[in-house]
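S.K.: Predicted model and sequence follow; I will ask about them next.
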Amino acid sequence: MNMQEELRKLPSVDRLLQEDAVTGLERRWGHDLTVTAVRDTLDTVRLAVREGRPCPPNEALVTEVDARLVARLQPTLRPAINATGVIIHTNLGRAPLSSEARAAMDAVALGYCNLEYDLQAGSRGSRYVHAEELLCRLTGSEAALVVNNNAAAVLLILMAFAQGQEAIISRGQLVEIGGGFRIPDVMRQSGATLVEVGTTNRTYVRDYEAAITPATAAVMRVHHSNFRLTGFVHEPTLTELVVLARERNLFLFDDLGSGTLLDTAPYGLAHEPTIQESIAAGASLVSCSGDKLLGGPQAGIILGKTDLVARLKRFPLTRALRVDKTTLAGLQATLRHYLLGEATEKVPIWRMISQDEARLEKRAKTWARKLKGLGVAADIVPGLSTVGGGSLPGEMLPSHLVALAAGSPDALAARLRAGEPPVIARIQDDRLVLDPRTVLPEQESALWQLVAKVARNHDIGS
Ligand SMILES: *Cc1c(COP(=O)(O)O)cnc(C)c1O
């Protein structure tokens, strides 16, 4: 094959643009994008031909132009299938939302709404009223405020109540949450002086007491979230800290992290402290995430005493951390599920947590049968799902996994990630496994199709 001859066969940009199929693409995607895709395609192919490859036929060039246009316009944020068995997967967007929550968000996104409009008075209202009553009713709190996320809530609270003063925290609670978010850094950023007391494993009320000075404003408790303290350990209870804070006229802030309204113990998990417990214990303010065990949209929820929440509502930074109408609508709809006692059926993460083993085994068997029908051999193996999202570390939920019978697990995982929609799986004992617990029923058939396509193309069929 003569390389010069092959290069001469390559059409010019203008020639390729005149191909019928390319004129079609141009009508669809516009002139500029199409010309760029044609140019890029020809540049790439020219390099390949120089390396000794033959000049591809025009149809192949057109297919490549089409693929480039599609790839160029694909959003970077795309829906994915979570087959990892990690329920609140922060990298995969944490909590999927209920259909009611999605409908509520869609309804307010579609047009106008009374976000900051008092319908009765016909005048300006406040966005902060929208989820407040529901939150108070569910938790027993006097007042509530919703901000962008829990990190924002922590920063806001410390700035408003401890800036330029001291905040006392146990050394056992100086947590790094993930993504480099460290409680001591946030405390410093807020302008509060961090006063560490106790040791990593043991802190007593008397340690807090000894650290109180005239400059002390706050006592902060932080939920361990993603690690467990076991062995020779001690921490005061929230009630003990509340008593101390009351006696010494200090502000007691409880950062609950995940925050749950339902008890996790009935599902074979450790007891995760509930929001209601923190409010009942008498914390001045409590904060938690909207999209961890609450199962709603991303938000930071602040609960507690009326006068303190009122001060936060007036605090200038609150404006910078405010949530939009879709968040408030989704949060309200999610909270309504708890009020109606239907959270374990309607809130997706609770449906996943409460899914029993028999049901999971049945789903795994169906998956293996469907895959077999598509020419892919798979086994069912025991495995464990986790809750994730910085809650219940080390706690496992028994599951039934679908293990693909052959193929390099790493290569297979990469090909599933490249799928449409991307599928994120797990590797266990050197095999690629799929956990039905975190896959939504409406995603199942897309998952089977993609696994079959990937498996067939890579010779691991039965
Ligand atoms: C997760 C977590 C945060 C941060 O919450 P986001 O909603 O992710 O901003 C803060 N504090 C604790 C203890 C957490 O577990």
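M.R.: Structure's in. What do you need? Numbering: from 1, shown residues only.
S.K.: In a helix, Lys362, correct?
M.R.: Yes: Lys362 sits within a helix when classified using DSSP: H, G, I helix; E, B strand; the rest coil.
S.K.: For this protein, which residue gets nearest to the ligand?
M.R.: Gly257 (2.6 Å; C-beta to the nearest ligand atom). Quick note: C-beta positions are derived from backbone N, CA and C, even for glycine.
S.K.: ok, and the closest non-adjacent residue to the residue most central in space within the chain?
M.R.: Nearest residue to the geometric centre of the chain (C-alpha atoms, centre = their mean): Arg94, 2.0 Å. Nearest residue to Arg94, sequence neighbours excluded (C-beta to C-beta, 6 or more residues apart in numbering): Asp291, at 4.1 Å.
S.K.: Also Gly300?
M.R.: Ala153 (3.4 Å).
S.K.: show me what contacts the residue of the chain closest to the ligand?
M.R.: Contact analysis of Gly257 by C-beta atoms under 8 Å, 6 or more residues apart in numbering lists Asn150, Ile177, Val222, His223, His224, Ser225, Cys288, Ser289, Lys292, Gly390, Ser391.
S.K.: just to revisit the earlier point, wait, doesn't the residue nearest to the centre of the chain sit right on Ile88?
M.R.: Yes: applying C-beta atoms under 8 Å as the test, Arg94 and Ile88 come out as touching, 5.3 Å apart.
S.K.: Burial check on Val35, number of neighbours?
M.R.: Other residues near Val35 number 17, with proximity taken as other C-beta atoms under 10 Å.
S.K.: I'd guessed it sits against Val22; true?
M.R.: No: with contact defined as C-beta under 8 Å, Val35 does not reach Val22; the gap is 9.8 Å.
S.K.: on that earlier part again, touching both of Arg94 and Ile88, which residues are there?
M.R.: Common neighbours of Arg94 and Ile88 (C-beta under 8 Å, 6+ apart) are Asp291, Lys292, Gly389.
S.K.: Can you tell me which of those residues is closest to Thr139?
M.R.: Comparing the shared contacts of Arg94 and Ile88 against Thr139 with C-beta to C-beta picks out Lys292 as the nearest, at 15.2 Å.
S.K.: before we move on, which element is that closest one in?
M.R.: Assessed by DSSP states H and E, Lys292 sits outside every helix and strand.
S.K.: neighbours around the closest residue to it other than its chain neighbours, how many?
M.R.: Using C-beta to C-beta, 6+ apart and skipping the chain neighbours, the partner closest in space to Lys292 is Ser258 (3.8 Å). The local packing of Ser258 (other C-beta under 10 Å) involves 25 other residues.
S.K.: residue contacts, Ser258?
M.R.: Residues near Ser258 by C-beta under 8 Å, 6+ apart: Ile88, His223, Ser225, Glu272, Cys288, Ser289, Lys292, Leu293, Leu294, Gly389, Gly390, Ser391.
S.K.: Would you confirm that the fifth one contacts Leu256?
M.R.: Right, Cys288. Yes: under the criterion of C-beta under 8 Å, Cys288 makes contact with Leu256 at 4.3 Å.
S.K.: Between those two, which contacts overlap?
M.R.: Ile275.
S.K.: So which bits of stretch 419-436 are buried?
M.R.: Neighbour-count burial for stretch 419-436 flags Gly419, Val423, Ile424, Ala425, Arg426, Gln428, Arg431, Leu432, Val433, Leu434, Asp435, Pro436 (criterion: 16 or more other C-beta atoms under 10 Å).
S.K.: Quick one: mean pLDDT for it?
M.R.: The pLDDT scores in stretch 419-436 average 96.
S.K.: rewinding a little: next, give phi and psi for the residue nearest to Arg94.
M.R.: phi -110, psi 20 (degrees, to the nearest 10).
S.K.: ditto for Asp255
M.R.: phi -90, psi 100.
S.K.: Ok, the one 4 residues further on next?
M.R.: Dihedral angles of Gly259 (phi, psi; degrees, to the nearest 10) stand at phi 70, psi 120.
S.K.: Excluding sequence neighbours, find me the nearest residue to Pro54.
M.R.: Pro54 sits nearest to Glu6 (C-beta to C-beta, 6+ apart), 5.7 Å away.
S.K.: rewinding a little: include secondary structure and distance to the ligand when you put the contacts of Gly257 into JSON lines, please.
M.R.: Listed next are these as JSON lines, based on DSSP: H, G, I helix; E, B strand; the rest coil; distance: C-beta to the nearest ligand atom, whole Å:
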{"residue": "Asn150", "secondary structure": "helix", "distance to the ligand": "3"}
{"residue": "Ile177", "secondary structure": "strand", "distance to the ligand": "4"}
{"residue": "Val222", "secondary structure": "strand", "distance to the ligand": "5"}
{"residue": "His223", "secondary structure": "coil", "distance to the ligand": "5"}
{"residue": "His224", "secondary structure": "coil", "distance to the ligand": "8"}
{"residue": "Ser225", "secondary structure": "coil", "distance to the ligand": "3"}
{"residue": "Cys288", "secondary structure": "strand", "distance to the ligand": "8"}
{"residue": "Ser289", "secondary structure": "strand", "distance to the ligand": "3"}
{"residue": "Lys292", "secondary structure": "coil", "distance to the ligand": "6"}
{"residue": "Gly390", "secondary structure": "coil", "distance to the ligand": "4"}
{"residue": "Ser391", "secondary structure": "coil", "distance to the ligand": "7"}
